[in-house]
Every structure is written in C-alpha cells, then in structure tokens.
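> Compute the structure for the input listed below.
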Amino acid sequence: MSGNGDVEEFAELLRELKGRANRSYAALAARSGVSASALHRYCSGASVPGDYDVLARFGKVCGADAEELLELHRRWVLADAERKRAVSRAPAAVSAGRAGAAGSVVSRVETAGGSDAETGAESGPEPEPEPELVPGSEPEPDSGPESLRAAPALAPAPEPPRAAPVPGPEPGSAASPPRRRPLLAVLALAVFAVAGVAAALWGKALTSSGGADGPGGSSDGRLLLSSRCPVVVSMGQADTCVHEVQSLLARAGGRLDVDGAFGPVTQMRVVVFQLRSGLTPNGSVDEGTKRALYESEGKPLDTWTPDRVARRIREVFTEDPERAVGIADCASYLDPLYTLPNSNATRNWGVFQLYDGTLRKLGGTREQALDPDWNIRAAHRLWALTKDFSAWKACDRAYRAGETRAATGS
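Presented below is the predicted three-dimensional model:
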C-alpha cells in the first residue's frame, strides 16, 4: 500500500509529526492509546486506520496545531478512500489470476470483502481503541476474506457418436451460392447509427454553449444544479462548485474559509447543515443538499463563539473550570458544531465530542449535542459520575502533560 500517492502523503505527515515530537513509538503509543506496532504501520504507509480519532490523539500528543490536525484529517480521508478502492480491486485480481492458471477449466472464486464496508476497518491489524466516551460500546467486527474455493475439475465428457458422413454434391451439380445479408437491413442499421451520433453531438453542443441551462449552466443561475458541477460534490474536490457550496454555507451562518477546497471544516459544516435540514448527514453535497442550500432561509449554522463557550464551561464546571476548558479546547477547539466520524458509521458531536452511544445513555439527540449549552451540561453529568475527566482520556493526558511542561519550564 505504501506505493500509493495519497497513502504516502498521509504517512509522510505522520512521520513529520513523530519526528518533531522526538519520542519513540512506544512513548507515543502510551500517550495516545494505540499500540506501538500500529503506529509504526501507519507511519510507514503499510496500513491506514479506519478511525480518525486514533490519529487525532496521536497528532495532539505530537503537538500538532489546529491547522495540522485538519490537514491530517484531509490526508486520512484520501488515504482511507484509496485503501477501500484497493480492497475492492483485490477480489477481481484474484479471480483473473485463477482463471488464467486454470486454462480451459473455469474456477469459481468467492470472496467476502477484506474490509467492513461500513466501518472501513482493515482485517488483520491489531484492533484500535474504541472512540472516547463510549464505555461498553462494541465496534462492529471486521469480516475477513473467506478462503478461495475453486470448483472441482470437470470430468471429461463422453465422446459423442460420430455422425454419418454427409454425401457431397454429385459430380456435375452446381454448388449453392453463399447466403448474403439483406442489403436493406444493413442500410437501416447504418441510418440508425448515424442518427444516434448526430443526436449525441447536438446534445453536447447545447450543453457546452449553455443550451437550455443558459450561460451559467442553469436556467435559474444555480450553479450546483447545472451540468457544470458533478452530481455529488465531496471531500477532496477543489473547484468553483466547492466555492459555491462554501459560499452558501457561509450565507447560512457557517464559519469557514471560502477557498474552493473541500476539506474537513467544509465537511463538518455540510454534516450539520444536513442534520438541521432533515437530510442524511453524510458530509457529501448531493442533489437534495444542493437544493436545500439554495432554499435555506435564516442562519441554521449560526452558533456561539469560542469565547462564549469558554465562559459557559467555567460557569458549569465550577469544580475545575480551567481544566474543563482545556479538555474542550483539545476535543473541539471550542467549536459547538465540531463533528468527527468514527469507523462504525457513528460520530462525535459538539463542544465535548459526545459519541452517539453516549448520547443515547444520556437521553439526548445529535441535534441537542450541537446546542453548546446542552452539550456542556451533559459533559458535566458525565464528569460527575467519576469526579474526573476519565471520559476524555486522551485530552486529559494532553492537558496534564501541558501543565507539567509549564511547571518545569520545558
């Protein structure tokens, strides 16, 4: 896998972060909650984790800032997509190899995909830790490939009885003339082919010149609904269509850079917009999301500023206010609409990154988790169970490590 460009760029950033931290794999593993062997595979490009939360903890332990963590997320998305494509191509390659070796006898090759289609987790490597805030949750197991089973060799069929020889024409008789394809049928096929090509060329000419869509590609000027944009605008894309998506998200109150590059922040804003518009929150801008963006009224993405979030955390966490602010800053950068995906089709939501399973235990919903006041009070309920921040182990370790460095002046 390490030969692929996206995977290698992803691994290169991991190696850069590790080098800057100047710590061994074992030391980083102990701090980030992942095995040293798994970290080594990720940094070498031998494998890609199916869960970004593992990488977020690793990056924070290495001292990555917000921009670097977003870049790490972008590279992980591209590398994970390539890993899934490679897995989907593997069964076809195996089938082709078996077919060539079998010669005239065709073997059947049955496989069950090498990675879980929903979680994207690889088979074989050591399991990664579960997402934070999920005591008792069980990630979906990976399904390994079944053994390849070739069909039994075919028994040789009995030789059919020889047919009696057909008597040839008698000497002197005229041979029957060869059968010819009717000329009218050939002409009809040619006419239909020419008509089809002409229709296709005419349609293309209309599209390229504006045609029914007008100069902007859409009859009402909505770029995303025109032929100039793909059916789905998604992560990794960079063009005028992404710029249009970002402009519409900003109009809806979203805080993001309108730079034409579809990165993690754009995807987060899309997810929240979809959730609040009653759409499937998958982070890709499909037909329904495009129309909802154009038809949206008001500011569905408007939310609290980081300063206001910090003030409210101090009001609720009176027992240890500064530590609580530090934990939230580590988890979400004090962004109430921060959301990260997990490999089992779940997400973490809001200021304290509450996991879907945790929300169910607290009797809350995803929409409530995006309300900063509800999220902060729910996090305090979790804190009260143990009177500590053990529900946020990685961020708590990072906060305590920062305190230690500040105290020693190192």
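> ok, Val316 touching His380?
Yes. Distance between Val316 and His380: 5.0 Å, which falls inside the contact criterion (CB atoms under 8 Å). All C-beta atoms are positioned from the backbone trio N, CA, C, and that covers glycine.
> quick one: the helices in the stretch 301-410 of the chain?
Assigned by DSSP state H, counting those that start in this stretch, the helices in the stretch 301-410 of the chain fall at 306-316, 321-332, 356-362, 366-369, 372-386, 393-408.
> can you tell which of the ones you listed is closest to Gly263?
Of all those, it is helix 321-332 that lies closest to Gly263, at 16.7 Å by CB to CB.
> Now the element after the helix or strand hosting Val245, going C-ward?
Taking DSSP states H and E as the criterion, Val245 maps to helix 240-251. Per DSSP H and E, helix 240-251 leads on to helix 264-276 as the next helix or strand towards the C-terminus.
> Show me the contact partners of the helix or strand just after that next one.
Where DSSP H and E defines the elements, the next helix or strand beyond helix 264-276 is helix 287-295. Applying CB atoms under 8 Å, 6 or more residues apart in numbering, the external contacts of helix 287-295 come out as 222, 224-225, 231, 233, 245, 248-249, 252, 270, 273-274, 277, 279, 285.
> what's the most distant pair in the residues you listed?
With distances taken as CB to CB, the most widely separated pair in the contacts of helix 287-295 is Val231 and Ala252, at 21.7 Å.
> Mind checking which of the two has more residues around it?
Counted by other CB atoms under 10 Å, Val231 and Ala252 do not tie: Ala252 has more neighbours, with 21 against 8.
> Quickly note the distance from the closest residue to the more buried one other than its chain neighbours to Ser284.
With CB to CB, 6 or more residues apart in numbering as the measure, Leu301 is the residue that lies nearest to Ala252, at 4.7 Å, once sequence neighbours are left out. Taking CB to CB, to the nearest Å as the measure, Leu301 falls 17 Å from Ser284.
> out of these two, which sits in the busier spot?
Leu301 (21 against 16).
> Could you double-check that that one lies in contact with Arg251?
No. Here Leu301 lies out of contact with Arg251, judged by CB under 8 Å, at a distance of 9.2 Å.
> Quick check: which ranges of this structure have low pLDDT?
Low-confidence segments of the chain, defined by pLDDT under 70, span residues 1-4, 87-219, 410.
> where do the strands sit along it?
Applying DSSP state E to the chain gives strands spanning 339-341, 347-349, 354-355.
> Which one of the ones you listed lies nearest to Val77?
Each of these was checked against Val77 via CB to CB, and the shortest separation belongs to strand 339-341, namely 9.1 Å.
> counting contacts, what elements does that closest one pack onto?
In this structure, strand 339-341 makes packing contacts with helix 52-61, helix 264-276, strand 347-349, judged by 3 or more CB pairs under 8 Å, 6 or more residues apart in numbering; DSSP states H and E.
> Count the residues that sit near the residue nearest to Asp6 when sequence neighbours are not counted.
Spatially, and ignoring its direct neighbours in sequence, Asp6 is nearest to Leu78 (4.2 Å; CB to CB, 6+ apart). For Leu78, the count of nearby residues is 18 (other CB under 10 Å).
> mind listing what Leu78 touches?
Contacts were defined as CB under 8 Å, 6+ apart; by that measure Leu78 touches Asp6, Glu9, Phe10, Met235, Gly236.
> quick one: the fourth one and Ala261 touch, right?
No. In this structure, Met235 is not within contact of Ala261 by CB under 8 Å, at 10.0 Å.
> ok so, going back, most tightly surrounded among the helices and strands packed on strand 339-341?
Ranked by mean neighbour count, the helices and strands packed on strand 339-341 are led by strand 347-349 with a mean of 25 (mean count of other CB atoms under 10 Å).
> What pairs with that one, parallel or antiparallel?
With DSSP bridges as the test, strand 347-349 is paired with strand 339-341 (antiparallel), strand 354-355 (antiparallel).
> Mean neighbour count, the ones you listed: which tops it?
strand 354-355 (a mean of 26).
> what's the closest non-adjacent residue to Leu70?
Using CB to CB, 6+ apart, the nearest residue to Leu70 is Pro264, at 4.9 Å.
> any idea how far that neighbour lies from Arg377?
27 Å.
> same check, this time on Ala46
Applying CB to CB, one obtains 43 Å for the distance of Ala46 from Arg377.
> ditto for Gln267
Gln267 is 27 Å from Arg377, where distance means CB to CB.
> Then Arg276?
Summarising the geometry, the distance separating Arg276 from Arg377, computed by CB to CB, is 20 Å.
> Pro321 and Arg311 touch, don't they?
No. Shown here, Pro321 and Arg311 do not form a contact pair, counting by CB under 8 Å, at 9.9 Å.
> And the helix holding Val245, what's buried?
For helix 240-251, burial by neighbour count (16 or more other CB atoms under 10 Å) applies to Cys241, Val242, His243, Glu244, Val245, Gln246, Leu248, Leu249.
> relative to helix 287-295, how tilted is it?
When axes from the mean of the first three to the mean of the last three CA atoms, to 10 degrees is applied, the directions of helix 240-251 and helix 287-295 differ by 50 degrees.
> From the contact counts, what lies against helix 240-251?
Under the contact definition 3+ CB pairs under 8 Å, 6+ apart, helix 240-251 sits against helix 264-276, helix 287-295.
> Run the angle between the shortest one and helix 264-276 for me.
In other words, helix 287-295. Using the same axes, to 10 degrees, one finds that helix 287-295 and helix 264-276 are set 90 degrees apart in direction.
> For helix 287-295, C-alpha coordinates in PDB please.
Included here for helix 287-295 are C-alpha records, laid out as PDB according to Å, rounded to 0.1, in the frame of the first residue of the first chain:
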ATOM      1  CA  GLU A 287     -28.900  16.700  -5.100                       C
ATOM      2  CA  GLY A 288     -31.100  17.200  -2.000                       C
ATOM      3  CA  THR A 289     -28.400  19.000  -0.200                       C
ATOM      4  CA  LYS A 290     -27.800  21.400  -3.100                       C
ATOM      5  CA  ARG A 291     -31.500  22.300  -3.300                       C
ATOM      6  CA  ALA A 292     -31.700  22.800   0.500                       C
ATOM      7  CA  LEU A 293     -28.600  25.100   0.400                       C
ATOM      8  CA  TYR A 294     -30.300  27.300  -2.200                       C
ATOM      9  CA  GLU A 295     -33.700  27.300  -0.500                       C
END
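> Contact partners for Gly260?
If a contact means CB under 8 Å, 6+ apart, then Gly260 has Ala238, Asp239, Thr240, Val242, His243, Gln246 as its contacts.
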